[in-house]
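1. after the sequence you'll find the predicted model.
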Amino acid sequence: MASNSKLTWWILAGLVLGVVVGTTLNYTVPDTAPWVSGFGVVTTTFLRLIKMIIGPLVFATLAVGIAKMGDLGTVGRVGIKSLAWFMGASLVSLGLGLVLVNLLQPGVDLGIELPDLAARSDIAVTGLSFAEFVTRLVPTSIADAMARNEILQIVVFSVFFGVAASAVGEKGKVLVDALEGLSYVMLKVTMIVMWAAPFAVFAAVAAAIAKSGLGVLAVYGKFMGQFYLGILILWGLLFLAAVAVLGKRAPKLFRAVREPTLLAFATASSEAAYPKTLAQLEKFGCSNRVASFVLPLGYSFNLDGSMMYCTFAVMFIAQAYGIDLTLGQQLAMLLVLMVTSKGIAGVPRASLVVIAATLAQFNLPEAGLLLLLGIDHFLDMARSATNVIGNSVATAAVSRWEGQLRAEGEIPEDLAEAIKPVTPRDLHG
């Protein structure tokens, strides 16, 4: 795996092999549970390796970036531009899902038996009030926030830390330099961990198909096909937005993030792709100061694929049970999701929690979630990949607006060394 292109091919090979092995097991093994459990160990271990990186990487890169920005005015300006993009992208994503689900009507005449209205899913129905959201922004301890990978809390602490380090002046420079060294070390750790990505992709896909089988895709083919069509349209809109801001460099941005996008797709976790996405965005030319601020913020406020899925799924359930929602109710639902979707973790099944809360709020049957559980992994693959693309475009756009987008090929030597793929020879010194 001496290059990014080779790693991409290895991940694709793992994906294809996972489909073949998972399908074979589903058709030939009476009880696939032991196989699914074994594959789960591989996938879980890889995701834990990624989570091991995220906390230190977010803190180090963001604290250094804020410290080098120099003042709160710059931080505020970048923050406002980022949130403006996030709000616009959220409205487009939610609105697109709402328009498509009304046009395509995927829940009408499903042709399958609906779960009983009294049935309950195992998804915890939780709501997050505005007061709880605000208080949860501030960590009780940075160690606790890192231990739980609460990205938004790490962002808040890093902003305070970076501003304070900048205010201290020369005495804080030593610490900032040390954190910059830590950020490069964590990027190099990312390159080492990526060796395990093809195996994790294989295990994740094989487990999902061995458990559910490809037959479930035929049963829900109409719904899944229409959702994936919506995802492709959203990708097209994101590409047009990138062209509007980046011009001819837009296609190169999409090529730069194809590997983390594929990783998020195969593992159904946008969080798994975070370290590699950051590395590729900096390689593309995004400023470390901007990328280290916008990207982690986007993981809480700019999950485009997840938000489109929320409106699509809620309306699908309403259609399946023959419940008509007025235009006013649908717009109210969109606004509710606009708020409740913020802070969704980039991990599998997080969207289902938001959907469950929305169903309860609009008196829609929770049993409808049971229609989605069997195929949620395959849907999560698409929305996780979309989350990566959406945040990559947002980061590049803000970098351009700030005049912090480097020209092609202008990669600092220390950064180039940190994100260079690792070979066995490197590990042996």
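-> Thanks, I have it.

2. what sits closest to A164 if chain neighbours are left out?
-> Spatial nearest neighbour of A164, excluding adjacent residues (C-beta to C-beta, 6 or more residues apart in numbering): G172 at 7.5 Å. Every C-beta, even on glycine, is put in place using the N, C-alpha and C of the backbone.

3. okay but the one you found is in contact with V163, surely?
-> No: the pair G172 / V163 is not scored as a contact, 10.5 Å apart, by C-beta atoms under 8 Å.

4. between those two, what contacts are shared?
-> Counting by C-beta atoms under 8 Å, 6 or more residues apart in numbering, the shared contacts of G172 and V163 are A67.

5. sorry, back to before: okay, now the residue nearest to A164: neighbour count?
-> When neighbours are defined as other C-beta atoms under 10 Å, G172 has 16 of them.

6. can you check L179 too?
-> Residues near L179, counting by other C-beta under 10 Å: 22.

7. contacting residues for it?
-> By C-beta under 8 Å, 6+ apart, L179 lies in contact with 59-60, 63-64.

8. let me have the residues you listed in CSV, adding pLDDT, secondary structure and distance to F284 as columns.
-> Shown next, in CSV, are the contacts of L179 (pLDDT from 0 to 100; DSSP: H, G, I helix; E, B strand; the rest coil; distance: C-beta to C-beta, whole Å):
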residue, pLDDT, secondary structure, distance to F284
F59, 89, helix, 23
A60, 88, helix, 20
A63, 87, helix, 22
V64, 85, helix, 19
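
9. if you rank those by neighbours, which is first?
-> Most surrounded of these: other C-beta under 10 Å gives A63, at 28 neighbours.

10. for stretch 260-280, measure first residue to last.
-> 8 Å (C-alpha to C-alpha, to the nearest Å).

11. in it, what's buried?
-> For stretch 260-280, a neighbour-count test (16 or more other C-beta atoms under 10 Å) marks 260-280 as buried.

12. now, which of the residues you listed lie within strands?
-> Judged by DSSP state E, the buried residues of stretch 260-280 include no members of strands.

13. among those, name the ones in helices.
-> 260-267, 274-280 (DSSP state H).

14. closest to S292 among those?
-> Nearest to S292 out of these is L278 (C-beta to C-beta; 7.1 Å).

15. please name the nearest non-neighbouring residue to the closest one.
-> Closest residue to L278 apart from its sequence neighbours, by C-beta to C-beta, 6+ apart: L295 at 5.7 Å.

16. could you check how far the one you found is from K81?
-> 14 Å (C-beta to C-beta, to the nearest Å).

17. looking at those two, which is more packed in?
-> L295 (28 against 17).

18. any idea how far the more buried one is from G40?
-> Taking C-beta to C-beta as the criterion, L295 is separated from G40 by 28 Å.

19. now do the strands in this structure.
-> Under DSSP E, the chain gives no strands.

20. in it, where is pLDDT below threshold?
-> Low-confidence segments of the chain (pLDDT under 70): 1-5, 70-71, 111-112, 116-133, 216, 340-350, 408-429.

21. next one: the spatially most central residue of it from I389, what distance?
-> In the chain, the centroid-proximal residue (C-alpha atoms, centre = their mean) is S270; its distance is 2.9 Å. Distance of S270 to I389, computed by C-beta to C-beta: 10 Å.

22. repeat that for R406.
-> 21 Å.

23. between the two, tell me which one has more neighbours.
-> I389 (26 against 15).

24. residues contacting the more buried one?
-> Per C-beta under 8 Å, 6+ apart, neighbours of I389: 235, 238, 254, 257, 261, 304.

25. from those residues, which land in helices?
-> Reading helices off these with DSSP H, I get 235, 238, 254, 261, 304.

26. just flag the most distant two among the residues you listed.
-> Spanning the widest gap among these are F254 and D304, at 14.4 Å by C-beta to C-beta.

27. and the two? Which one has more around it.
-> Neighbours were counted for F254 and for D304 using other C-beta under 10 Å; D304 has more, 29 against 17.

28. touching, the more buried one and S90? I think so.
-> Yes: the pair D304 and S90 qualifies as a contact (C-beta under 8 Å) at a distance of 7.4 Å.

29. hmm, the residue nearest to the centre of the chain is touching V257, no?
-> No: between S270 and V257 there is no contact under C-beta under 8 Å: 11.6 Å.

30. list the buried ones in stretch 327-338?
-> Buried, per 16+ other C-beta under 10 Å, within stretch 327-338: 330, 333-334, 336-338.

31. nearest to S300 among those?
-> Closest to S300, out of all of the buried residues of stretch 327-338 and judged by C-beta to C-beta, is M338, at 13.8 Å.

32. having no further points to raise, I will conclude here.
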